[in-house]
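Asker: Pasting the sequence and the predicted coordinates here, then a few questions.
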Amino acid sequence: MAQHVETLVIGGGPAGLTTAYTLAKAGRSVTVLEMDPTQVGGVSRTIDYKGVKFDIGGHRFFSRNPEILDLWREILPEGFLERPRVSRIYYRGRFYAFPLRAFQALTNLGPWMATKCLASFAWAKVKPIKEPESFRDWVRNHFGQTLFSTFFKSYAEKVWGMSCEELSADWARQRIKGLDLGAALMDGVRRSLGLKRKPPAAAKSKTLNERFHYPREGAGMVWEACAEKVTALGGDIRLGRRVDGLHYDKLARIWTVSVVCADGRKEIYTADNVVSSAPVRELMQSISPTPMSVFHAGELMYRDFLTVVLIGKPRKAPADTWIYVHDASVQVGRVRNLGAWSPDMIPDGVGTALGLEYFCFEGDSLWTLSDDDLVAKAKDEIARIGLMAAGEVQDACVVRQRKAYPVYDEAYAEHVRMIRLDLKLHYPGLHLVGRNGMHRYGDQDRAMMTGVLTAENIIADERLHDVWEVDENAAYDRPAPRVERGAPRRVAA
């Protein structure tokens, strides 16, 4: 027998849980279906391996949206630490500060290469590409072709598994727009002349912020607390549930959702509203009647993710929260020092734990390596970078994450546009939220904001907000409240 709920949320990550929490606070009926059989959090969950805690990628708690900051404090009133961001780039045996310090970078590259970089930067300013469409075009316009080839190309191709000509400029606009080489050069000149440093303008990109908040025991603390609050407010969180079909009854305006449980049982739900943070490609392929845009959904791509945690006692542990590995001679993309995020991530008796992050496609040669082979590879690469000798590694573990990143190829925007149009015309009551649900790369504050606004649309039973207008900084201009005007009244003389 089908179980009916007003709103069914697919996915227990930041977007799904924020949607459920907002609905539950308003006294609305909501059930969350999470595929993981043991924990909520999605890509923002925290893994515990013998007391060593680590996230699937690092999740900084920083936002320019005060509404989201207040929501984090509401969900987890105690437990946040303020942490410094210390990041570097590793390239050809040298470390560079990130964000790039122009003089340091040019000095490390040597006089000939530095001259080429400056000449290339000047040429890009004189002769920019008028309508940059690819990642390469955008970075070339802002930094010059030489710096693009040196610092940006190898890392972008590691992350996305495609050439920079195939990768949309949207990712560069979103993630590195706050880097200004010209301003960095002028700041370096001021320092060299002993002049007072010009106060920096507010960073345009969150990736450049120097401090952030972080839960004592990992990002998963927030989402476990959020799930508990949803339950306390009368909502329902169900783990180990994989949605395998959605049917929309146009006459009854009801969704029927079939679910496979972790133990093999089948469950059927009906709902007035379905909110999905699941990958939109798989969602669209599971809907009946078959959406007209199913072809577009099938063309969307995702990047998968491996984390290899090496535990040991190196002679000197790095102080970095993150090291971006731009060097093409190793496959690792980023190295995270878990203790730099929070001392509570590392139990007593453990010296250092480094998380090596690899980007791949499910089924490729890297993804299919055995855990033992991945650990051996990680030990070799961390020794070549110089952060930990292979003999200093005492233990290790491997975690695989499917569909960690929606890919911004040259055609993704058109595919998403057609899916949005199809859902708007033919599938009312189905709402897309979050990174994979909307196929929009972004941090958890953006995902949360899409959940808040979607819940408010459901509560009001109308489209108060355009969720797609939430930008990469989680900013959204709320419409001014409507003023109800009554009939004019006669005023006594």
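Answerer: On my side now, so go ahead. Numbering: from 1, shown residues only.
Asker: quick one: pLDDT of D371?
Answerer: pLDDT, D371: 98.
Asker: count of residues packed around it?
Answerer: By the criterion of other Cβ atoms under 10 Å, D371 has 14 neighbours. Yep, even glycine has a C-beta here, placed from its N, CA and C like the rest.
Asker: so where is the stretch 151-300 of the chain shaky, pLDDT-wise?
Answerer: Within the stretch 151-300 of the chain, the stretches falling below the threshold (pLDDT under 70) are 177-209.
Asker: Do a quick rundown of the helices in it.
Answerer: Along the stretch 151-300 of the chain, the segments classed as helices by DSSP state H, counting those that start in this stretch run 153-160, 169-175, 181-192, 220-232, 280-285, 294-298.
Asker: right, and these - which one's nearest W138?
Answerer: For W138, the closest of these is helix 169-175, at 4.0 Å, according to Cβ to Cβ.
Asker: returning to what we had before: so for P77, which of the helices of the stretch 151-300 of the chain sits nearest?
Answerer: helix 220-232 (9.1 Å).
Asker: Would you mind putting the CA coordinates of the closest one into CSV?
Answerer: What follows is the C-alpha trace of helix 220-232 in CSV, where atoms were taken according to Å, rounded to 0.1, in the frame of the first residue of the first chain:
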residue,chain,number,x,y,z
GLY,A,220,28.8,15.9,8.7
MET,A,221,28.1,17.2,12.2
VAL,A,222,25.9,19.9,10.7
TRP,A,223,23.8,17.5,8.6
GLU,A,224,23.4,14.9,11.3
ALA,A,225,22.1,17.7,13.6
CYS,A,226,19.8,19.0,10.8
ALA,A,227,18.3,15.5,10.4
GLU,A,228,17.7,15.3,14.1
LYS,A,229,15.9,18.6,14.1
VAL,A,230,13.7,17.5,11.1
THR,A,231,12.7,14.4,13.0
ALA,A,232,12.0,16.3,16.2
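Asker: Make residue 1 into 54 and carry on from there
Answerer: Got it, the first residue is 54 from now on, which makes the last one we talked about helix 273-285.
Asker: What helices and strands are in contact with that helix?
Answerer: Using 3 or more Cβ pairs under 8 Å, 6 or more residues apart in numbering; DSSP states H and E as the contact test, the elements touching helix 273-285 are helix 67-78, strand 83-87, helix 119-128, strand 289-292.
Asker: contacts for it?
Answerer: Contact with helix 273-285 is made by 65-67, 70-71, 73-74, 77, 83, 85, 92-95, 97-99, 108, 114, 125, 128-129, 132, 268, 290, as judged by Cβ atoms under 8 Å, 6 or more residues apart in numbering.
Asker: same thing but at 6 Å, please
Answerer: For helix 273-285, the surrounding residues in contact (Cβ atoms under 6 Å, 6 or more residues apart in numbering) are 70, 73-74, 77, 93-94, 97-99, 128-129, 132, 268, 290.
Asker: what comes up buried for that helix?
Answerer: Taking 16 or more other Cβ atoms under 10 Å as the neighbour-count basis, helix 273-285 is seen to contain the buried residues 273-280, 282-283.
Asker: Got the phi and psi for the closest residue to S82 other than its chain neighbours?
Answerer: Of all residues not flanking S82 in the chain, E59 sits nearest, at 4.0 Å (Cβ to Cβ, 6 or more residues apart in numbering). In this entry, E59 is assigned phi and psi values of phi -60, psi -50 (degrees, to the nearest 10).
Asker: picking up where we left off before, using TSV, lay out the helices of the stretch 204-353 of the chain together with distance to A508.
Answerer: Formatted as TSV, these follow (distance: least, Cβ to Cβ, whole Å):
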stretch	distance to A508
helix 206-213	32
helix 222-228	25
helix 234-245	40
helix 273-285	12
helix 333-338	19
helix 347-351	24
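Asker: quick one: which of the ones you listed is nearest D498?
Answerer: helix 273-285 (11.4 Å).
Asker: Run the angle between that closest one and helix 119-128 for me.
Answerer: With axes from the mean of the first three to the mean of the last three Cα atoms, to 10 degrees as the basis, helix 273-285 and helix 119-128 are set at 80 degrees to each other.
Asker: V486: which of the helices of the stretch 204-353 of the chain is closest?
Answerer: Proximity to V486, assessed across those by Cβ to Cβ, is greatest for helix 333-338 (10.5 Å).
Asker: Distance from the chain centre to that closest one, please.
Answerer: With Cα atoms, centre = their mean, to the nearest Å as the basis, helix 333-338 stands 19 Å off its chain's centre.
Asker: how about that helix: buried residues?
Answerer: Neighbour-count burial for helix 333-338 flags 333-337 (criterion: 16+ other Cβ under 10 Å).
Asker: follow-up on the earlier one: a markdown table for the buried residues of helix 273-285, including distance to R499?
Answerer: A markdown table is the format used below for the buried residues of helix 273-285 (distance: Cβ to Cβ, whole Å):
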| residue | distance to R499 |
| --- | --- |
| G273 | 19 |
| M274 | 20 |
| V275 | 15 |
| W276 | 16 |
| E277 | 21 |
| A278 | 20 |
| C279 | 16 |
| A280 | 20 |
| K282 | 21 |
| V283 | 20 |
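Asker: Out of the contacts of helix 273-285, grab the one that's most surrounded.
Answerer: Counting neighbours by other Cβ under 10 Å, the top entry in the contacts of helix 273-285 is L70, with 33 neighbours.
Asker: Tell me how far the residue nearest to that residue when sequence neighbours are not counted lies from P268.
Answerer: In space, and not counting its chain neighbours, L70 is closest to C279: 4.6 Å by Cβ to Cβ, 6+ apart. C279 sits 12 Å away from P268, taking Cβ to Cβ, to the nearest Å as the criterion.
Asker: Touching the helix or strand harbouring K169 from outside, list them.
Answerer: Using DSSP states H and E, the element containing K169 is helix 164-179. Where contact means Cβ under 6 Å, 6+ apart, the residues beyond helix 164-179 that reach it are 159, 193-194, 197-200.
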